[in-house]
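K.L.:
Whatever this is, show me its structure:
(one chain, ligands or ions: 1)
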Amino acid sequence: MTSQQFPTGFQWGTATAAYQIEGAVDRDGRKPSVWDTFSATKGRTFQGQTGAIACEHYDRYKDDIKLMAELGVQTYRFSISWCRIVPDGRGTVNQAGLDFYRRLVDCLLDYGITPYATLFHWDSPQALETKYGSWRSREMAQDFAEYVKVVVSNLGDRITNWMTLNEITCFTHMGHGVGKTPQHAPGTKVGSKKEVWQTSHHALLAHGLACQAIRANSPKSCSIGLVDNFGVTVPLYESPEHIEAAKKAFPYHCGNGGIIYPALTGEYSSALLEQLKNDAPDIQEGDLKTIHQPLDFLGLNIYTGTYIRAADNWQGCEWIDFPKNYPALNMPWLQIVPECLYWGIRHVSETLNRPDLALFITENGCAAQDELTSQGEVFDLDRILYLRQHLQSVHRAAIEGYPILGYFIWSFMDNFEWSYGYDKRFGITYVDYKTQQRIPKSSYHWYAECIRQNRVV
Ligand code: GCO
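P.N.:
Purely as a prediction, here's the structure:
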């Protein structure tokens, strides 16, 4: 095996999400999501941009999938929009919505690309936000499970890799604020931290009920995962004491102790509960058992990390702030910490004590200042630098024997970056939003070569 060679069978993929690429928001029976409402609200997104048109993927999916096939990916992670399938959130099923995803998946399968479907990527039906405050209510968990049952019953003959939810904190903690305007939809102010934590608890319940719905309704054997953007604590120096410190810090990261712990261990971390005290969510009898469903894999959305060193304080560790000019890419939080992928993988296996759990990097990538040359090309050498270093970190975990089975670049093409609108470009394919032309960037060609050689080039 040459250097940086991945094990045979390593799966190379790419990822997108419905509201970020599809457009066609009022087509074929789809009804508004909370992101339609949020992005149409003055001041919530960059220049008031919305996903109404996005990349017109709803109409252009055949050409996009052809471009994915030319890239050489074996897998493609996309999300299914609840608002296309059950437009009112509950009740009537929209056949045209199911038909769209059936066409999309059949096109993938025709090219030999394996579909990985995320059942929820933040676009909650507005009807349920209006009816009962969406994730602020326990009802949302049951309605989500009913929607999942519809999808899996109808598409489970074609899709056998399911991810329940994408990044719970981003549509709960970032979508509900105490005394400040949230950055994400639904953009609701609530009265206490406890109410915010109750929204993520309801999302965890939804995850558990969805796992049960998939297993009960899939016409074929399938694999089920959760996708999370947990906070990766990275040892400042790779010595036993600082590695131990990074492991001690891990459960204190709120998204870790409050999301990944209940899902993978059946308990909120004691470190978090100590911090939250009366702000902890109300947990009903049986909730944790419902949440702690067996999983076939975990999806890790990791872009950066936090450096930790050992300290003789009560926690035995301390966070190290980045120096002023620390290298970052084109997002305020995108400091370059390539070891974050290696340590993220290790934390699941060791800190969470789940060496049994298959892992995928379901998102990794960066926004960059992509500019078209006069020849109509994009030499995104900064993105290649970022991706090469991060893939080397994945490679290290793979050859050390950790169960990392694949990698999905975020993202296949430039798209609607939530409150940043189209101002931030994460794609390995450039999208000219005036013409909807797709232009493969240098990173696309570089990634194609990695896939061809099954190694980091
Ligand atoms: C996320 C979302 C993606 C983002 C990407 C860049 O992880 O926040 O899953 O939808 O676009 O991560 O921020």
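K.L.:
List phi and psi for the residue of the chain most remote from its centre.
P.N.:
Distance from the centre of the chain peaks at Asp312, with 35.5 Å (CA atoms, centre = their mean). Backbone geometry at Asp312, expressed as degrees, to the nearest 10, gives phi -90, psi 60.
K.L.:
what do you get for Trp410?
P.N.:
Trp410 adopts backbone torsions of phi -100, psi 110, taken as degrees, to the nearest 10.
K.L.:
unless I'm mixing things up, Trp418 is touching Thr45, no?
P.N.:
Yes - Trp418 is within contact range of Thr45, at 7.4 Å (criterion: CB atoms under 8 Å). For glycine as for every other residue, the C-beta is placed from the backbone atoms N, C-alpha and C.
K.L.:
okay, and the helix or strand of the protein with the least pLDDT?
P.N.:
Using mean pLDDT, DSSP states H and E, the weakest-scoring helix or strand in the chain turns out to be helix 254-255, at a mean of 76.
K.L.:
can you tell me which helix or strand Ala117 belongs to?
P.N.:
Assigned by DSSP states H and E, Ala117 falls within strand 114-118.
K.L.:
distance of Arg158 from the ligand?
P.N.:
Arg158 sits 23 Å away from the ligand, going by CB to the nearest ligand atom, to the nearest Å.
K.L.:
And the strands in the stretch 201-350 of the chain?
P.N.:
Taking DSSP state E, counting those that start in this stretch as the criterion, the stretch 201-350 of the chain carries its strands at 223-228, 233-235, 297-301, 306-310, 317-320.
K.L.:
Out of those, which is closest to Trp333?
P.N.:
Trp333 lies closest, by CB to CB, to one member of those: strand 306-310, at 10.6 Å.
K.L.:
Run through the neighbouring helices and strands of that closest one.
P.N.:
Packing partners of strand 306-310 (3 or more CB pairs under 8 Å, 6 or more residues apart in numbering; DSSP states H and E): strand 233-235, helix 240-249, strand 317-320.
K.L.:
burial of the residue of the stretch 251-400 of the chain found nearest the ligand, as a residue count?
P.N.:
Proximity of the stretch 251-400 of the chain to the ligand (CB to the nearest ligand atom) peaks at Asn301, 4.6 Å away. Using other CB atoms under 10 Å, Asn301 is surrounded by 21 other residues.
K.L.:
Kindly state the beta-bridge partners for it.
P.N.:
With DSSP bridges as the criterion, Asn301 is bridged to Glu363.
K.L.:
Tell me the spacing between it and Val456.
P.N.:
In this view, Asn301 and Val456 are 20 Å apart by CB to CB, to the nearest Å.
K.L.:
Then Cys366?
P.N.:
16 Å.
K.L.:
Of those two, give the one with the bigger neighbour count.
P.N.:
Neighbour totals were compared for Cys366 and Val456, and Cys366 leads with 24 against 20 (other CB under 10 Å).
K.L.:
Could you find the closest non-adjacent residue to that one?
P.N.:
Residue nearest to Cys366 in three dimensions, not counting chain neighbours: Leu329, with 4.1 Å by CB to CB, 6 or more residues apart in numbering.
K.L.:
Read off the pLDDT value for the one you found.
P.N.:
Leu329 is assigned a predicted lDDT (pLDDT) of 94.
K.L.:
and if you look at Tyr252?
P.N.:
Looking at Tyr252, its pLDDT reads 87.
K.L.:
just Thr2 next, same as before
P.N.:
62.
K.L.:
Kindly report the same for Pro332.
P.N.:
Confidence at Pro332, expressed as pLDDT, is 89.
K.L.:
wait, the residue of the stretch 251-400 of the chain closest to the ligand sits on Gly225?
P.N.:
No - if you go by CB under 8 Å, Asn301 and Gly225 don't touch, sitting 11.7 Å apart.
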